[in-house]
Every structure is written in C-alpha cells, then in structure tokens.
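[1] starting from these lines, generate the structure:
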Amino acid sequence: MKKLIIFFMFLVIHLVYSQSKIYAFVGKKISVERVDSENTFYLKYKNVYKVEQAFDDELKSDTLTFNSYTHMNQIQYSVYDYAIIYLVKNETGKLIHKRTYYTPIILKQNDKWYGFDASEENLDEYQKIEQKELHIRKNLKIGRLVFQEKIKNKWLLKTFYPEKFFTKTGRNKVKIKYLKPAEKLYQSN
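    The predicted structure is shown next:
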C-alpha cells in the first residue's frame, strides 16, 4: 500500500510539472550571475537575456530577467552567447528557468537562427553549413569557470562543440558542419 501511495505521489508531481506551459525564446546572454538562494538545496542564478526571437506571443519584452535553479554549479547554457531558453511560471507568476533546459544557438544567417541538439542522433533535418569558422576562446574560458575542476580544452571542446556538428580547426577555433533552424529545434523539444 505504501509503495502504491508513493507511486501516485510521483505520478501527480510529474503530471503537474509536465503540464506547465513553456515559454521559449532565442536569447542573447547579457549576464548570468550566481546570487544568494532562499533554498540551501538549490543554487540560484540571476539571468539577463535579450530576446532575439520569441516562440510565444506572451513574451513581449525585449529583455528578460529570470532566475535559474540547479543542484550543481553548472549553468552550462552560459557558455554560449545565444541559446533557446525554456522558462515556466512559478507559483507567483514569475518566469523561472527551473531545470536549466536550453538549446545552443550558434549562427544567424539570412535572418534565421541556427543551432544544434547534442542528444539528437538523426541529422536529417540539419543543414550543411559551408566555410563558417567560429572563434571560441571566450566560450572555452567560460566553460572553465562553469566546471571549476581543472579541465582540458579538449574535453570542453568535445562537450560544448560536439564532433558531429563541428570540426576543430585550431586551438580556439571550430568549423561548423551541420546546424538546424531554431524553429525546428524548438518544435522537437
């Protein structure tokens, strides 16, 4: 009986959180800073992002300030200058980024945003990007701050710029191989 009650509690919690409306946008990072948390179980970050493209009509502001909560000191989306950020409203109606879901956005070309989802195996909807090289020194430096252990650039490069989407061309440079339009990335999440 006790196991059945616990099962139903998890089911209710899952349904409540899975039914939350998601507010998504392509954002340009202005700042991400750790702030004092009211809950010792979570780390809290204050984020300020410029809204480049909203996927929801309710996001009317050109700049959003929201908090992120995580158990670890790993706000990985802060490594990228642009990302699709997925927000929900908390009990008081404020937008928050509770589980730090994001999709990296790498390029704007012909007024369209492009990025990648590292978990995707199928590259059918991805487009080949010709001769576009990125300088990522600043991004790798932020990656070293996110992961405070001593980590080699090689690991950071593979983590944030996976080989199926990028080719390493220098110590702090990668060449884009494949990216997907932001609208399709948003629809698949």
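
[2] bridge partners for Ile176, pull those for me.
    For Ile176, the beta-bridge partners under DSSP bridges are Phe166.

[3] what lies in contact with stretch 113-131?
    Applying C-beta atoms under 8 Å, 6 or more residues apart in numbering, the set of residues contacting stretch 113-131 from outside is 26, 52-53, 82-84, 103-109, 162, 164-165, 175-182, 184-185, 188-189. For every residue, glycine as well, the C-beta is placed using N, CA and C.

[4] among those residues, which are in helices?
    182, 184-185, 188 (DSSP state H).

[5] tell me the one of these nearest Glu149?
    Leu185 (29.7 Å; C-beta to C-beta).

[6] quick check: the closest residue to that closest one other than its chain neighbours vs Gly93, distance?
    When the adjacent residues along the chain are set aside, Leu185 lies closest to Thr103, with 5.0 Å between them (C-beta to C-beta, 6 or more residues apart in numbering). Distance of Thr103 to Gly93, given as C-beta to C-beta, to the nearest Å: 25 Å.

[7] ok, those two, which is more surrounded?
    Thr103 (24 against 6; other C-beta atoms under 10 Å).

[8] the more buried one: what's it in contact with?
    Contacts of Thr103 by C-beta under 8 Å, 6+ apart are 83-84, 115-117, 182, 185-186, 189.

[9] report the beta-bridge partner residues of it.
    Ile84.

[10] distance of it from Thr40?
    Taking C-beta to C-beta, one finds Thr103 at 30 Å from Thr40.

[11] again with Asn47
    21 Å.

[12] more crowded one of the two?
    Here Asn47 and Thr40 are compared on neighbour count by other C-beta under 10 Å; more neighbours surround Asn47, at 23 against 6.

[13] and the gap between Ser42 and Lys98?
    Actually, residue 42 is Tyr. It isn't Ser. 9 Å.

[14] joint contacts of these two?
    Tyr69.

[15] what's the burial count for Arg99?
    12.

[16] revised request: answer the last question for Trp155.
    The burial count for Trp155: 11, using other C-beta under 10 Å.

[17] what secondary structure does it sit in?
    Secondary structure assignment for Trp155 (DSSP: H, G, I helix; E, B strand; the rest coil): helix.

[18] show the contacting residues for the closest residue to Ala54 other than its chain neighbours.
    Closest residue in space to Ala54, ignoring its immediate chain neighbours: Phe25 at 4.6 Å, by C-beta to C-beta, 6+ apart. By C-beta under 8 Å, 6+ apart, the residues touching Phe25 are 49, 51-56, 59, 64, 84-85, 87.

[19] and the helix or strand containing Asn67, what does it pack onto?
    Assigned by DSSP states H and E, Asn67 falls within strand 63-70. Applying 3 or more C-beta pairs under 8 Å, 6 or more residues apart in numbering; DSSP states H and E, we find strand 63-70 packed against strand 23-35, strand 43-54, strand 95-97.
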